[in-house]
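Peer 1: sequence and predicted structure below; questions after.
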2 protein chains.
Amino acid sequence: MVDVQAYLDAQREKDLDKLFEFLRIPSVSALSQHKRDMLRAAEWLVRELEELGMQNVRKIDAGGHPIVYAERIEDPALPTALIYGHYDVQPVDPEALWTTPPFEPNIRNGRIYARGASDDKGQVFMHMRALKAHLATRGRLPLNVRLVIEGEEEVGSESLARYVESAPELKADVVVISDTSMPAIDAPAICYSLRGIAVLEMTVRGAASDLHSGLFGGAVPNPLHELARLVASLHDDAGRVNVPGFYDDVLPLTAEERAMLARLPFDEEEYKASLGLKELYGEAGYTTIERIGARPTLELNGMWGGFQGEGSKTVIPAEAHAKITCRLVPDQDPEKIADLVASALAERAHPSVTVDVRRGHGGAPWICSPDDPAIQAGMRALEQAFAASPLLMRMGGSIPVVGNLDRVLRAPIVLMGFALPTDQVHAPDENFSLQAFDKGSLALALYWDELARALA
Amino acid sequence: MVDVQAYLDAQREKDLDKLFEFLRIPSVSALSQHKRDMLRAAEWLVRELEELGMQNVRKIDAGGHPIVYAERIEDPALPTALIYGHYDVQPVDPEALWTTPPFEPNIRNGRIYARGASDDKGQVFMHMRALKAHLATRGRLPLNVRLVIEGEEEVGSESLARYVESAPELKADVVVISDTSMPAIDAPAICYSLRGIAVLEMTVRGAASDLHSGLFGGAVPNPLHELARLVASLHDDAGRVNVPGFYDDVLPLTAEERAMLARLPFDEEEYKASLGLKELYGEAGYTTIERIGARPTLELNGMWGGFQGEGSKTVIPAEAHAKITCRLVPDQDPEKIADLVASALAERAHPSVTVDVRRGHGGAPWICSPDDPAIQAGMRALEQAFAASPLLMRMGGSIPVVGNLDRVLRAPIVLMGFALPTDQVHAPDENFSLQAFDKGSLALALYWDELARALA
């Protein structure tokens, strides 16, 4: 594949200039004042995709910021891959903490600094480079490719979710997404599982109004005590979630998978130091990597009630609140888990208080067999491009669109992402390693050949 | 004592007009825009006290709003009583909830409606009526009386605390305070015990910054979980405070006192209904009245950490916080109790987090023997004025100045207050019953004769 690699090398400076154009557009989906910038970014993509040789390129209006669609159907008999990415970025505040302005991309110490450099404009652009390398050097792609680049990933992908449900043009044999990370620059990886999520909010109510803790304390229920007791009851001393049935549908890790995960690079001391922790904490019997990727959790994300100001106010509040999310692993079902947690809380509540549990959104966990030919093809492409043994990993987060695509397309999804843990994604000084940019672009170009062969 | 009663009856309309003058002054100590009104209220008191025949009347500057002092030393050989009260009032907001403006006193349904009508201007004024009745009908008081009316009770009594420490003129054989309540208009009462207080604030710290609960959840300590676990550990299933040594210094209730407290009027169904509670909750083995007045508590007044906004934010916060107050009973010591709670929390903390406990202010509990002649004299005065058997009660709240006066003067303190549970103290539509105003004024007038006889 020297043709493709040589082309990428030759085009590098020009391509970086192009990427910088893309990064200069402040496509912040969450802020209405950037609505025009969102359109500009979508139109920039349309122009570039047309120029590099994609067909049927268009903006799709699914209710929110435009979705950019492009395809190149070389031959209906060939397999078809669907590339998903997003052109929207996170807000930049606190902007004062950026070393250089977030929408003025520049290179320092071998990294591209800009909002979106890593998440996900940089990686979307790498896909475009790889497609262009094929088309420029050979005039064709080794398979059919569709591209869907949305503008609402950072705000919930609502329009995309609607679009995916009813878009016949999305039919594909493989989905490829570059929006995840790898452990290190010499440790390229494919992520084959994501956790799902179940969201709950709990309110404990006592008396009809706040009470004076001197005049009533000791004689009436205190919703803060009851909330704390209920929350504390949700875990046992071994760090397990103490909700009957919670683990019933969890696919156990096989010995092989545990061995594979144990090979992922992980330095516990470095991890603790980077987080400022004296000690880690989690479910007994599992490693940190297993706890994050392969075990479900129940986490409080917020808890509040009563007086939070300076000094002291002797009040027994009428209400106390907690926000809870469960991260789920295959084959847990978000609705079933939310029901189990809500039931456990209702059963455990003291009769002197009322406990109200509301359900938020849910998202199914996702897993793809690491043996899938589409993933194995990716491993070969990574190995060639990075000259290192690629890894297979699970991620603890959730990518809702993966769940949508999985359910609708029923195709393998290959999460081949190139972000590094140092990329400061969603934070000031977001950056993207030039090595990841170079090797990742090559890996994606090589992937189309590997995939075409694997699916032939 | 028909002379005094007849005088009070005859003067009633004129006295209500005077009281309304006092109530019209918006003496809100907490708000700096009322600084001049505080001065006006103090000057009003000085004028009225001089007019009714008190001597050595003056404003004392102890750093904050003026303290009003007055005395009438009939004969140095006679016993001396010190009357304490306060002329400052709580803020009025939300003012929109008042049926009539808070500083436009008026009478409806047998009640005086105005901020301060019950707490404490109305009760201060009843003391003035009683003194005037003696002086107008007999030309003298049956004992020596000193009056201290402060202007910072609602903001912490800081100036008064300083003044009490170093004011030789405060020497007295009995302290009388009318700033408490009675169970019902036909159930006059003297309060012989107040709870003390120990204030703590706890912070649980995990990682150095907030973490994504998908990417880290399950592998790192969550300060919200740990806070909940620690808080839950502070009570056992029987509603007792689960801190070693917490009850060591508690004076047990005697069988006699329990029998006496059991005679206080209390309707549990009505109490629950008034609070909007399905069920009460408290320490097993004690009645509600005992739980509030005679048993110590540990209450959370506030608890917070993480995301409290609308929707969901998948964060593991770096910190979680709780505000705690313990209400103490004789002979518990605030510093010792704060130490015990702090030690228990430190011992129970998981090594993966840091637990920081800060101490706030403390206040000692207070008790006076119900057999004290000064209290028994008060019981006789109440019985005559109200034509009802008076009661002896404990109160669950704290009145810091009582602790100061007790420590400095080492004299019995008689808490003979006339507020009713329906007075809406500190709330919109504060009011004071005309029956309490009439009978209470008479009781205070009769008290001076009873007290003089008892101490003769």
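Peer 2: Noted; the coordinates are in hand.

Peer 1: pLDDT below threshold where in chain A?
Peer 2: Along chain A, the parts satisfying pLDDT under 70 run over A:1-2.

Peer 1: all the strands of the stretch 151-300 of chain A, residue numbers only.
Peer 2: Counting by DSSP state E, counting those that start in this stretch, the stretch 151-300 of chain A has strands at residues A:174-177, A:189-194, A:196-205, A:211-212, A:297-306.

Peer 1: check the offset of the third one from the chain's centre.
Peer 2: Strand A:196-205 has its C-alpha centroid displaced from the chain centroid by 21 Å (Cα atoms, centre = their mean, to the nearest Å).

Peer 1: now do it against strand A:297-306, angle only.
Peer 2: 30 degrees (axes from the mean of the first three to the mean of the last three Cα atoms, to 10 degrees).

Peer 1: partners of strand A:196-205 in the sheet?
Peer 2: strand A:319-328 (antiparallel), strand A:354-363 (antiparallel) (DSSP bridges).

Peer 1: tell me which residues of the last one come out buried.
Peer 2: This points to strand A:354-363. A:T354, A:V355, A:V357, A:G360, A:G362, A:G363 (16 or more other Cβ atoms under 10 Å in any protein chain shown). Placement of C-beta: from N, CA and C, glycine included.

Peer 1: which helix or strand lies directly C-terminal to that strand?
Peer 2: As assigned by DSSP states H and E, the chain's next helix or strand after strand A:354-363 is strand A:366-367.

Peer 1: spatially central residue in chain A, please.
Peer 2: With distances taken as Cα atoms, centre = their mean, A:I399 lies nearest the centre of chain A, 4.2 Å away.

Peer 1: okay, now the residue nearest to that one when sequence neighbours are not counted: neighbour count?
Peer 2: Counting by Cβ to Cβ, 6 or more residues apart in numbering or on different chains, A:L194 is the residue found nearest to A:I399 once chain neighbours are left out, at 5.7 Å. The burial count assigned to A:L194 is 31, neighbours taken as other Cβ atoms under 10 Å in any protein chain shown.

Peer 1: could you do A:R410 as well?
Peer 2: Count around A:R410 with other Cβ under 10 Å applied: 7.

Peer 1: what do you get for A:F266?
Peer 2: 13.

Peer 1: and the closest residue to it other than its chain neighbours, how far is that from B:S29?
Peer 2: Nearest residue to A:F266, sequence neighbours excluded (Cβ to Cβ, 6+ apart): A:I289, at 5.8 Å. According to Cβ to Cβ, to the nearest Å, A:I289 and B:S29 sit 60 Å apart.

Peer 1: now do A:M54
Peer 2: Distance from A:M54 to B:S29, by Cβ to Cβ: 74 Å.

Peer 1: who's more crowded, these two?
Peer 2: B:S29 (26 against 23).

Peer 1: I figured that one hits B:P66, correct?
Peer 2: No: B:S29 is not in contact with B:P66 according to Cβ atoms under 8 Å; the separation is 11.1 Å.
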